[in-house]
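>>> predicted model, plus sequence, below.
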Amino acid sequence: MDISQLPATSCAANIDSQSGNLFLLLVNTLFASQCALKNPNLYPPDQGSKIEDGGHFDFIIVGAGSTGSVVARRLSELGIWKILLVEAGGFPTVTSEIPGLWPNNQFLTNQTWGYFTEPSEKSCQGFKNGACHWPRGKLLGGCSAINVMLYLRGFKKNYDCWAKNGNVGWDYESIKQYFKRSERLIDNNMKNNKFYGREGLIPLTIYHPNETLRNVLIQSAQQIGYNIEPGESKLGFSNGLQNIQAGVRYNAAKVLVNSISNTSKLTLALNAYVENIIIDEKNMKAAGIKVNIGNKVMKVYADKEVILSAGVINSPQILMLSGIGPGDHLRKQGIEVLQDLKVGENLQDHVILPIFSKLSDQAINSPELLDEIYKYFIHREGLFNNTGLMNLVGILNSNNRSDYADLQFFFSAFPKNKIMFLDTFLKTINLNQSIAEQLLSYNKANHILLTLVTLVQPKSRGQILLKNADAYEKPIIRSGYFTDEKGGDTEILLKGIRIAEAQLRTDAFKSLNAEVLNINIPNCKDFKFDSDDYWKCSMRNIGTTLYHPTSTCKMGPKSDQSAVVDPRLKVHGVHNLRVIDASIMPKIISANTQATCFMIGEKGAEMIIQDHRGH
Ligand SMILES: Cc1cc2nc3c(=O)[nH]c(=O)nc-3n(C[C@H](O)[C@H](O)[C@H](O)COP(=O)(O)OP(=O)(O)OC[C@H]3O[C@@H](n4cnc5c(N)ncnc54)[C@H](O)[C@@H]3O)c2cc1C
């Protein structure tokens, strides 16, 4: 950029003066600070161009996301195996590194997969084309590079239930060590905490500022009978841990860099799209992958194992394209069936119902954007070094059981007359224009509080299917929201809505005049606002994902007809092939899913090392 051409240089204080030099120093510092966020040393180099057709590695890992990165790190740090880590996306952008820009990462860009659910009469009807947007990260770090960074282990009961169904070694007592192995608690305010690991891979901190709305939400939760700061895996409200270090996102791919040295045997290939797994049919074993790098399709071989960590949508897609999946479905696509397994079934997700309320002026200090940009780039402080209210989490049970949660609450605040924030959120969720316009018009004149009432133990099940046998065609996503036979999911979410309303009616909230907005949802116009029927209709229309789909390559013993992988994460009936990512969870947990993905990565890597080194 030629700075002499900028309009500001025609002002009286030209850049030759002392003040002009100071000004240039500031501008340079801002540039340098932004460049630091794109430091190439944060990640291993992309060596995709060095991969050769017919090349051999010991292990090939497909997907450098939350789980695949952990597996790659653990296998490569031993320094004994040649490992290829293949990722369809590229390096994360600066936007991905800045926590406060989290909603911007979910837009349809080349860093997301652009997935939408198939229209259904039971769900997503208030979104454009009747489709919920399911953002998934297509970049180094996968979803951990676009998510909200909340770090929560699930409840003991979640994992004990996995073990009870034949998954030996996955009960909470057994897997606790793998959580600890991935955790590096660095928060100064938690020096005495013994629950979390301190020497693991992922740095964890808590954002807990003293701000009016957050304080009111906490007091109001207390006034309706919930514990505050309950600690891990207990019911109540608390400010949650996040994988943010010094004001910057710590995505999972950052664990890779320490494992790279001159002697390292890890090769990272970016913008490398895996079409399918090569199966040696005679021995029923995975021999390698077919991968497209720079429009050159190559076959690359794994002498020991292929590990699929491509996530809950793409791992089943790749398996099915390789002839491993439901027989009837594959035959319909003209794909030869090599192993008939229930791949893509058992899809589960956390569903949210967004409730919008208007608040009085004193609820939020409206940010001055330029000040906030300065604070972030110069000091890594202010609005952008955190995700705002999103790390305040309510963990609840609709029946007052204490051993697991079936509801979660999350919050976000949209300051009055700064509608770009709300606009970004509404665009990312794909909301219909007519509904979005009402909300934006409220936001011009009022601060808005968004409460995300979330169903975290759904009974409904969805499905991932192939559209056809083309590896580049997006798969069909049937969310399955609200399809459970007895309608229990709707009833539990309704209880959550009533709890959210009770919270807004507490004394704590009085000073903020909270009022739930009566949104005119065209399909719900026949129902009286705030009636049970109105809210049930809202669920069918504006209920959507909390971004936590799981379970499409279900883990279970051989006796479990619906299982895809065994408890050592090996695909049933196929040698040298494992799936290690969110898709293996037999049942979705009652908490956000990335901590459990890190744990699965740690345990998966250990099992591989045991199997190939004998200890
Ligand atoms: C917007 C958003 C917000 C979220 N917020 C939170 C949160 O705050 N806390 C939390 O706990 N969880 C959160 N989650 C969920 C959590 O991030 C995911 O459950 C978790 O990261 C999934 O990890 P994974 O390893 O299974 O898949 P991913 O992290 O998605 O990794 C899969 C990787 O495989 C690559 N890949 C896929 N197909 C191919 C192919 N054919 N060839 C090559 N590479 C391929 C992908 O590009 C991707 O990098 C959020 C998710 C999203 C999307």
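Arrived safely.

>>> stretch 189-203: which residues count as buried?
By neighbour count on 16 or more other CB atoms under 10 Å, the buried set for stretch 189-203 is M190, Y196, G197, G200, L201, I202, P203. To be clear about C-beta, it is placed using only N, CA and C from the backbone, and glycine gets the same treatment.

>>> quick check: chain neighbours aside, which residue is closest to the closest residue to the ligand within the stretch 101-250 of the chain?
For the stretch 101-250 of the chain and the ligand, the shortest gap (CB to the nearest ligand atom) falls at G142, measuring 2.5 Å. Residue nearest to G142 in three dimensions, not counting chain neighbours: G65, with 2.1 Å by CB to CB, 6 or more residues apart in numbering.

>>> go on, Y226?
Using CB to CB, 6+ apart, the closest residue to Y226 is G236 (5.0 Å).

>>> list the contacts for whatever residue of the chain ends up closest to the ligand?
For the chain, the residue closest to the ligand is G65, as judged by CB to the nearest ligand atom, at 1.8 Å. The neighbours of G65, taking CB atoms under 8 Å, 6 or more residues apart in numbering as the test, are E87, G137, G141, G142, C143, S144, A252, S309, A310, G311, D581, C597.

>>> and the second one, how far from K38?
When you say that, I think you mean G137. To K38, G137 is 17 Å away according to CB to CB, to the nearest Å.

>>> against I395, how distant is the residue nearest to Y226?
The gap separating G236 from I395 is 6 Å, by CB to CB.

>>> likewise for A563?
Distance, A563 to I395, by CB to CB: 29 Å.

>>> so where's the stretch 201-350 of the chain uncertain?
258-263 (pLDDT under 70).

>>> give me the mean pLDDT for stretch 371-379.
Averaged over stretch 371-379, pLDDT sits at 93.

>>> and that stretch, what's buried?
Within stretch 371-379, judged by 16+ other CB under 10 Å, the buried ones are E372, I373, K375, Y376, F377.

>>> give me the neighbour count for the nearest residue to P230 once chain neighbours are set aside.
Excluding the flanking residues, the one nearest P230 by CB to CB, 6+ apart is G236, at 3.3 Å. When counting by other CB atoms under 10 Å, one arrives at 18 neighbours for G236.

>>> same check on the one 10 residues further on?
Taking other CB under 10 Å as the neighbour definition, A246 ends up with a count of 10.

>>> leaving out chain neighbours, which residue sits closest to it?
R380 (5.9 Å).

>>> how about the helices in the stretch 51-200 of the chain?
In the stretch 51-200 of the chain, the helices defined using DSSP state H, counting those that start in this stretch lie at 66-76, 94-97, 156-164, 172-182.

>>> pick the most deeply packed of those helices.
Neighbour counts (mean count of other CB atoms under 10 Å) averaged over each of the helices of the stretch 51-200 of the chain peak at helix 66-76, with a mean of 29.

>>> quick one: it to helix 172-182, angle?
Orientation of helix 66-76 against helix 172-182 (axes from the mean of the first three to the mean of the last three CA atoms, to 10 degrees) gives an angle of 80 degrees.

>>> tell me the helices and strands packed up against helix 66-76.
Where contact means 3 or more CB pairs under 8 Å, 6 or more residues apart in numbering; DSSP states H and E, helix 66-76 is packed against strand 56-62, strand 83-86, helix 594-613.

>>> tilt between that helix and helix 594-613?
Between the axes of helix 66-76 and helix 594-613, defined by the same axes, to 10 degrees, the angle is 30 degrees.

>>> gap between helix 66-76 and the chain center?
Per CA atoms, centre = their mean, to the nearest Å, the displacement of helix 66-76 from the mean C-alpha position of its chain is 17 Å.

>>> more neighbours: which of A563 and I395?
Between A563 and I395, I395 has the larger neighbour count (other CB under 10 Å), namely 27 against 24.

>>> mind checking the SS state of S49?
When classified by DSSP: H, G, I helix; E, B strand; the rest coil, S49 comes out as helix.

>>> which SSE is immediately downstream of the helix or strand containing V453?
Assessed by DSSP states H and E, V453 sits inside strand 447-455. Sequence-wise, the next helix or strand downstream of strand 447-455 (DSSP H and E) is strand 463-465.
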